[in-house]
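[1] Sequence plus the predicted model coming up.
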Amino acid sequence: MATDGRPSGGDVPPKLRLFCPACGHENPLDGDWLVRERAAGVAYECPECETEIADRTAIPT
């Protein structure tokens, strides 16, 4: 760990990881999550217990 408190070198954690609070499953955002298309965007669900982890609302263009 660097002296300023940030991870250094190989200690950098992977970004964009989702964690299921219900069962503890974790994976990158582009991993094995169930992606459900919705009118207002997409929802990410855990493949282990089907708990909704995140809801990404589409930004109107």
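    Noted; the coordinates are in hand. Residues are numbered from 1 along each chain as shown.

[2] Find me the pLDDT at K15, would you?
    Predicted confidence (pLDDT) for K15: 71.

[3] Would you map the strands across this structure?
    17-19, 26-28, 34-38, 41-45, 52-57 (DSSP state E).

[4] okay, and for this structure, where does confidence drop off?
    For the chain, the stretches flagged by pLDDT under 70 are 1-14, 60-61.

[5] Grab the most central residue of it for me.
    Among the residues of the chain, the one closest to the centroid is L18, at 2.4 Å (C-alpha atoms, centre = their mean).

[6] Identify the residues contacting the spatially closest residue to it that is not a sequence neighbour.
    Of all residues not flanking L18 in the chain, I53 sits nearest, at 5.1 Å (C-beta to C-beta, 6 or more residues apart in numbering). Placement of C-beta: from N, CA and C, glycine included. For I53, the contacting residues are 18-21, 33, 44-46, by C-beta atoms under 8 Å, 6 or more residues apart in numbering.

[7] at 10 Å what do you get?
    Applying C-beta atoms under 10 Å, 6 or more residues apart in numbering, we find I53 in contact with 18-22, 25-27, 29, 33-34, 43-46.

[8] R17 now?
    26-29, 31.

[9] Which of the residues you listed are buried, as a ChimeraX select command?
    Of the contacts of R17, the buried ones go into a single ChimeraX selection, burial set by 16 or more other C-beta atoms under 10 Å:
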select :27
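
[10] Reformat the contacts of R17 into JSON lines and put distance to A58 next to each item.
    Output for these, formatted as JSON lines (distance: C-beta to C-beta, whole Å):
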{"residue": "E26", "distance to A58": "25"}
{"residue": "N27", "distance to A58": "23"}
{"residue": "P28", "distance to A58": "21"}
{"residue": "L29", "distance to A58": "16"}
{"residue": "G31", "distance to A58": "21"}
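
[11] R38: which of the contacts of R17 is nearest?
    L29 (16.9 Å; C-beta to C-beta).

[12] Relative to I59, how far out is the residue nearest to the closest one when sequence neighbours are not counted?
    The shortest distance from L29 to any non-neighbouring residue, by C-beta to C-beta, 6+ apart, is to L16 (4.1 Å). Using C-beta to C-beta, to the nearest Å, L16 is found at 18 Å from I59.

[13] Lovely, talk soon.
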